[in-house]
Structure formats: C-alpha cells, structure tokens
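S.K.: I'll drop the sequence and a predicted model, then ask my questions.
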Amino acid sequence: MNIFATLKTRIEAVIGALIAEGLLPHGLDTSKVSAEPPREASHGDVATNAAMVLAKPAGKPPKELAALLVERLKKVPDVTEASVAGPGFINLKLADEIWRSGLRDVLAAGSSYGDSTAGKGEKINVEYVSANPTGPMHVGHARGAVVGDALARLLAKAGFAVTKEYYINDAGGQVDHVARALRARYLQALGKITEDNVQGLLARKEIMYGGDYLVPVATALVARDGDKWAASTDEKVWIPPLRDFTVAYMMKMVKEDLAALGVQHDIFSSEKALVDAGKVDNALKFLADSGLTYTGLLEPPKGKAPDDWEPRPQLLFKATDFGDEVDRPVKKSDGSWTYFAGDIAYHKDKVDRGFNNLVNVWGADHGGYVKRVQAALKALTDNKGALDVQLCQMVRVLNNGEPVKMSKRAGTFVTLRDLIDEVGKDVVRFIMLTRKNDAPLDFDYAKVMEKSRENPVFYVQYAHARGRSVFRHAKEMFPTADLSDAGLAKADLARLTDPDEIGVLRALANWPRTIEGAALVHEPHRLATYMYDLAAQFHGLWNKGNDATELRFLQAGDQSVSCARLALVRGVGLVIASGLAVFGVEPVEEMR
RNA sequence: GCGCCCGUAGCUCAAUUGGAUAGAGCAUCUGACUACGAAUCAGAAGGCUGGAGGUUCGAGUCCUUCCGGGCGCGCCA
C-alpha cells in the first residue's frame, strides 16, 4: 500500500473513533474524504478535505470539525504536525522516516513498484489501431497504436485483466475497391497495360486506392497465380480472390509495421468472419426480438440536406432510446447490412466473450460515430456494459517547423515507417504520449531529436542514464559494496537528510497514485508529465552537488552515505524505467 | 443548422477528476562549469483560465448561454 492510501485509512480510523465516542453522528459517509499531496509543498506532506466534506452531514462548521480532527490526527503514527488551513483543509506533516521507508518499498518491489490492484482483475478489452487493410499505416494510425498499447499496459499495471484487440474491416466495399486497384496493377505487372492505362483506371471514382504500394502486391500475385485472373471481365470472378490476397498481404504489412513499433495485439477479429458466421444476422435478430429495431424513415440532416435527398424506408435501430440523437440505419435501402450493423455484431461478440468493460481508440474523424456504438452496447447489455471511446486528434509532422506531407518511401502521406526510420521507435512512442490524445499533436523530427530540456524524451532518458553513470563510478569507488537492490535497501537511509533528497523521495511516493489515477481515467499521457517532473527534480539534486560537493551522491571517504544516496538514485531509475515500460520504451544506460 | 472535441503566460503545454496563492518548458533578463557528463542547474519577470450568468464551503474543471477554432452529419468504412 502506498503512503497516501495508508494515511487515508488512518484518517478514516480517527473519524471512526470519533463516531464511536459519540462526537460525530453514526452513518457518516467518508467516501469523499481524500488524502493527497497538496499542490503547494509549503502546505505540508498530506492534505485532507475531511473537515469540509463532513461538515454538513456532521452538523458542525468546517473549522470546528477540523480543530477536533487535528487534535486526534496529531497522535497518528508518523504524523509530526497537523494544522487547519484555508477554508478547513487539514495539513499534515510526516516524519522523514516515512519517505525513507517508501524508498525501501521501491527497492523491494523493483520494476513492479506502482502496480495496483485497483482493477480487481476485471476483464477489460482495449481495441486499437484497427486500420483498414487497404494500404500502409500512416502517422494517425501510429498515434492510435501507441496510445492504445500504452493504455493497455497501464491498465494491466493497475490490476485489470487486459485483452488487446484489433478489428479488421475486411468485409465492406473498401476492400473491393482495393481489389479493383490491385487488378489494374496486376494487369500492368503482366505487361498487358501501361502505366498510363493504370492511372486512367485508378482515376475512376470507384477505385480510390492504388498507390505504388500495390505494385509489389501485384508482383506477388503474378508469382502465385500467373495470368489466371487476367482473362475474365466479370468482377464476380476475380474480386473475391484478389480481395483475399490483398487483405492477407496488407495485414502482413500492418503486423510488421506494428512489430516495428513494438505493438502487439492479443486478438485480431475479422469483420468478414463475423459476417460469414452469421453473427450479424444473430445480433440484429437479438435487437429485433427486444423490440429495438423498426422500419422507418429518417429526416434529412437539418441545414445541410443533400441535393439528391429522397426519403426511403430502412431498418433502423432505436438509438434514441439510449442517448443518441437520431435512430440509426442498420440496413441499406437495397437490404444489405450497413457497417454499423457489423459493428453491433462485433460489440455483441465482445460482450459474449465476457467483456463488459470496453475501450476503443479511434481517430477523431470517427467522433460522430461514438454515441451510436455506445447506444448499441447499452442495448446489447441491458445498460450494464461500459464503452469508453478515446479519440485521437491529428498529428502534424514537421521538420524544423516546416510541414512534412509526403512520405519519402511511399510518396503519398507520411507513413508509420517514415517516423520510425527518422527518429526510432522509442522516440515515436514517447512523443505520441506527451499530450492527451484529444489534443492535436505536433511531431517535429528536429525537435524530438534535440538534446535539451525542451525535449521530454531526451530529458527523461538523460536522467536515467545519469543514474546508471553514477553506479558505474560507484562500482569502482566501492568495489566490495553490495550495490544490488537488496543490498541498497539495507543502507542507512537516515543519511538522507537534505530537503531536496527528501523531495525526491516524496516524488517517488507519488508514483503509485499517479498510475492509479491515470489508469482510471484512461490517460496514459499523465505518466509523461510525472516522469518529466521526476527527472527535473533529479537533475536539480544532481546539480546541487556541483556547488555543494558534500551533496554529491558518491563520497569517497563515506561508504555509508554513498550507499544511502545510491539507493535514492536507484529508486529514481526504477521508477523511470517502470514508467518507460508502460510506454513501451527502453530506458538507456548512457547517452551517446 | 445540429452533434462531439477544444479554448489556460507572448509561444507550446500541465494542473492530483470539484480543492488552498493556476504550474512547467521555450522566448526575455540575471547568475553557476579545472564536471559523480553544464546535453545541466539556480533565480527574476510574465494570468480577469475566450465573454457572461449559475450550482456550493470552494470552479480552469460541473450546468446554461454567447464568441472563436477543429472534426463529423441518411443507405462510406
């Protein structure tokens, strides 16, 4: 248990004692009582709002209640000072020893420090990337991939049973379009048509794909099937095999790209497989049986009616019963299922697999789609299921402030591979996690490689590398000392007395609650801020040793103090490393 | 026209989920290197949190409304 949770239970015990003595009413709800580090360090180590949230139900003015609590809190173990401040906050000061014992906890837990049981082992499904198998992955996919992957790792660290999932949209018209484009490249590869012919074909409205990336696919198809698909002009003959071929090829590319990013999914779910298994029909029958679908007409969108609008009866899902703006079509007017119908089936499938807690990571252009899927999930689970959709805003790729639009490799948009080639996997991952995902992000090649405080990746990695460097020196200086985590835990930590040293220990004690908080609200980027701040404190302490040499971590004549400080350095390194692990980033041993 | 997201220092962004005097970096100004790597650090200055109402002990955060920006808006996926 972390220090703040410990203090909270002790505060609750004090309240309980006051209730038992009849000084506070029975049945007092303490669920809103908090024990948090105050923003302002001068306010002490822990602040509680107990007096303020309990004042009304207890029928006492906040200040009076606070005074009562303060008297008792002063006697609580590890509390050295308690005082009332502002409107009724109670500020506690703790003995330095509690922070030192926190450091021992870090060393004992190692890389699992900060792990939480908040998730109670509950199953949660995180679906992310889910890029259509129609072409190479681009920057936008990269952001979704990193955010989803880090969120999944974060939730796992916070005690959830996480499944990482990818939904392959391999059933709709998009993949047919790619098949048509592939056919053009295929005929070209066979020498039957020229590049000009290809461009002519690709310019046709129904063929929206066909970048150069299809050329090797066509070559591979020729290698496998020869000219088997060249003769027939009937799409029905060649679309299915070409579609399957390209989907398989594209998914292989997608998986390679994701592997290069260090992203791995547990499950790949196929839309086509859902359709073929009849799950769409089943899901919609389920809704129909619940009386949640009907055949009706939709109003045209207000203020922006399409020119060719004409009302047509369609099968609609009663999304408005579950908080959506309008009812949503599940069948096209030709009677075939809409994409939404497939998505209903897919989410039903997730529910049937035991997930009531779902997270989807989507691009911001799908924002308009959120409510209807949430409505569908509520309908499918009798309002029990929860779906959180994390929307990722655009990434602007820049180089020294100049927009980069084209890929060097693919010649069209900036691909995920471009990013990795340019700056490396770890930098891509970290930078993608420095902003909350619903805010646009600038990704500047030059800036993210800069070696300065401006660049959070560098700054955090530098702190880690500096710590490792201290240990390299320590091994020479104290060749017989036990510098393992277990050995350092036995160091005389009472030698850590400088306010800035204690300050770093306080920061380490905040790691577990940072993890829990970030996991609960699905915001992995919070860890980036934490790591940056911890790095800043560490660099500050380091530099203090430049002037005050007695504060340097290593003191040649004093192994005892050196080991205490090495324990601190190691604690910082462990926490940074465990934060980077959530981000899927390797901590570096030294900067080069 | 409707819906969703966003609006915080000159710039780029935080802010413990409703907590106290809203914090960092950059830029500006002032300092610290015969170094456990100064690739860093210490300090100064910078704010009516887009505007106006409301909810309460307490609002950047929640509600209403307006202004400004982004995304989306029947049978595309």
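M.R.: On my side now, so go ahead.

S.K.: Excluding chain neighbours, what is closest to residue A:428?
M.R.: Residue nearest to residue A:428 in three dimensions, not counting chain neighbours: residue A:419, with 4.9 Å by CB to CB, 6 or more residues apart in numbering. Glycine gets a C-beta too; all of them are placed from N, C-alpha and C.

S.K.: who's in contact with the one you found?
M.R.: Contact analysis of residue A:419 by CB atoms under 8 Å, 6 or more residues apart in numbering lists A:139, A:142, A:397, A:428, A:443.

S.K.: gap between the third one and residue A:288?
M.R.: The gap separating residue A:397 from residue A:288 is 46 Å, by CB to CB, to the nearest Å.

S.K.: Equivalent analysis for the second one, please.
M.R.: Per CB to CB, residue A:142 is found 40 Å from residue A:288.

S.K.: before we move on, the earlier item: highest neighbour count among the contacts of residue A:419?
M.R.: With neighbours taken as other CB atoms under 10 Å, the top of the contacts of residue A:419 is residue A:142, carrying 29 neighbours.

S.K.: quick one, helices of the stretch 251-400 of chain A?
M.R.: Using DSSP state H, counting those that start in this stretch, the helices of the stretch 251-400 of chain A run over residues A:271-276, A:279-289, A:339-352, A:370-381.

S.K.: how about these in CSV, adding mean neighbour count?
M.R.: Output for those, formatted as CSV (neighbours: other CB atoms under 10 Å):
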stretch, mean neighbour count
helix A:271-276, 18
helix A:279-289, 17
helix A:339-352, 22
helix A:370-381, 22
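
S.K.: Can you add mean pLDDT and distance to residue A:324 and give the ones you listed back as a markdown table?
M.R.: Shown next, in a markdown table, are those (pLDDT from 0 to 100; distance: least, CB to CB, whole Å):
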| stretch | mean pLDDT | distance to residue A:324 |
| --- | --- | --- |
| helix A:271-276 | 95 | 22 |
| helix A:279-289 | 96 | 14 |
| helix A:339-352 | 96 | 11 |
| helix A:370-381 | 94 | 4 |
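
S.K.: With residue A:164 as the reference, name the closest of those helices.
M.R.: Closest approach to residue A:164 among the helices of the stretch 251-400 of chain A is made by helix A:339-352 (12.6 Å; CB to CB).

S.K.: That closest one versus helix A:370-381: what angle between them?
M.R.: 50 degrees (axes from the mean of the first three to the mean of the last three CA atoms, to 10 degrees).

S.K.: Mind giving me the packing neighbours of helix A:339-352?
M.R.: helix A:271-276, helix A:279-289, helix A:370-381 (3 or more CB pairs under 8 Å, 6 or more residues apart in numbering; DSSP states H and E).

S.K.: Now the residue lying closest to residue A:478 once chain neighbours are set aside: phi and psi?
M.R.: With CB to CB, 6+ apart as the criterion, residue A:478 has its nearest non-adjacent residue at 5.4 Å, and that residue is residue A:559. Residue A:559 adopts backbone torsions of phi -70, psi -30, taken as degrees, to the nearest 10.

S.K.: next one: residue A:496
M.R.: phi -90, psi 100.

S.K.: Surely residue A:525 is in contact with residue A:431?
M.R.: No: the pair residue A:525 / residue A:431 is not scored as a contact, 10.7 Å apart, by CB atoms under 8 Å.

S.K.: what sits against residue A:366?
M.R.: residue A:391.

S.K.: do the same with residue A:148
M.R.: A:126, A:127, A:128, A:129, A:164, A:263, A:359, A:361, A:390 are the contacts of residue A:148 under CB under 8 Å, 6+ apart.

S.K.: and if you look at residue A:62?
M.R.: By CB under 8 Å, 6+ apart, residue A:62 lies in contact with A:51, A:52, A:55, A:87, A:88.

S.K.: if I look at the residue nearest to it when sequence neighbours are not counted, how far off is residue A:48?
M.R.: Leaving aside its sequence neighbours, residue A:62 sits nearest to residue A:88 (CB to CB, 6+ apart; 3.3 Å). The gap separating residue A:88 from residue A:48 is 10 Å, by CB to CB.

S.K.: what's the answer for residue A:506, then?
M.R.: 17 Å.

S.K.: Give me the more crowded residue out of those two.
M.R.: residue A:48 (27 against 19).

S.K.: how about that one, phi and psi?
M.R.: Backbone torsions of residue A:48, given as degrees, to the nearest 10, read phi -130, psi 140.

S.K.: can you name the two of the contacts of residue A:62 that are farthest apart?
M.R.: A:55 and A:87 (9.8 Å).

S.K.: OK, contacts around the one residue in the stretch 101-250 of chain A that gets nearest to RNA strand B?
M.R.: Per CB to the nearest atom of the strand, residue A:172 is where the stretch 101-250 of chain A lies closest to RNA strand B, at 2.5 Å. Residue A:172 makes contact with A:271, A:339, A:342, according to CB under 8 Å, 6+ apart.

S.K.: repeat for residue A:473
M.R.: residue A:554.

S.K.: Check residue A:554 too.
M.R.: A:470, A:473, A:474, A:477, A:562, A:565, A:566.

S.K.: Can you tell me the closest non-neighbouring residue to it?
M.R.: Distances taken as CB to CB, 6+ apart put residue A:562 closest to residue A:554, at 5.1 Å, once the chain neighbours are dropped.

S.K.: and that neighbour, how many neighbours?
M.R.: Counted with other CB under 10 Å, the neighbours of residue A:562 add up to 23.

S.K.: Just confirm it is within a helix.
M.R.: Yes: per DSSP: H, G, I helix; E, B strand; the rest coil, residue A:562 lies within a helix segment.

S.K.: Quick check, pLDDT for it.
M.R.: On pLDDT, residue A:562 comes in at 95.

S.K.: how close does it sit to RNA strand B?
M.R.: Separation of residue A:562 from RNA strand B (CB to the nearest atom of the strand, to the nearest Å) stands at 9 Å.

S.K.: Wait, that residue touches residue A:555, no?
M.R.: Yes: taking contacts as CB under 8 Å, residue A:562 lies within contact range of residue A:555: 5.2 Å.

S.K.: Which helix or strand contains residue A:197?
M.R.: helix A:195-202 (DSSP states H and E).

S.K.: still on that earlier bit, okay, residue A:55 and residue A:87: which has more neighbours?
M.R.: Neighbours were counted for residue A:55 and for residue A:87 using other CB under 10 Å; residue A:55 has more, 18 against 12.

S.K.: what's the closest non-adjacent residue to that one?
M.R.: Leaving aside its sequence neighbours, residue A:55 sits nearest to residue A:62 (CB to CB, 6+ apart; 4.1 Å).

S.K.: just to revisit the earlier point, let's have the contacts of residue A:62 in JSON lines, adding distance to residue A:120 and pLDDT.
M.R.: As requested, the contacts of residue A:62 are exported to JSON lines (distance: CB to CB, whole Å; pLDDT from 0 to 100):
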{"residue": "A:51", "distance to residue A:120": "31", "pLDDT": "93"}
{"residue": "A:52", "distance to residue A:120": "29", "pLDDT": "91"}
{"residue": "A:55", "distance to residue A:120": "32", "pLDDT": "88"}
{"residue": "A:87", "distance to residue A:120": "35", "pLDDT": "84"}
{"residue": "A:88", "distance to residue A:120": "33", "pLDDT": "88"}
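
S.K.: now, which of these lie within helices?
M.R.: Mapping the contacts of residue A:62 onto helices (DSSP state H) picks out A:51, A:52, A:55.

S.K.: if I pick the last one, what's in contact with it?
M.R.: By CB under 8 Å, 6+ apart, the contact list for residue A:55 reads A:61, A:62, A:65, A:88.
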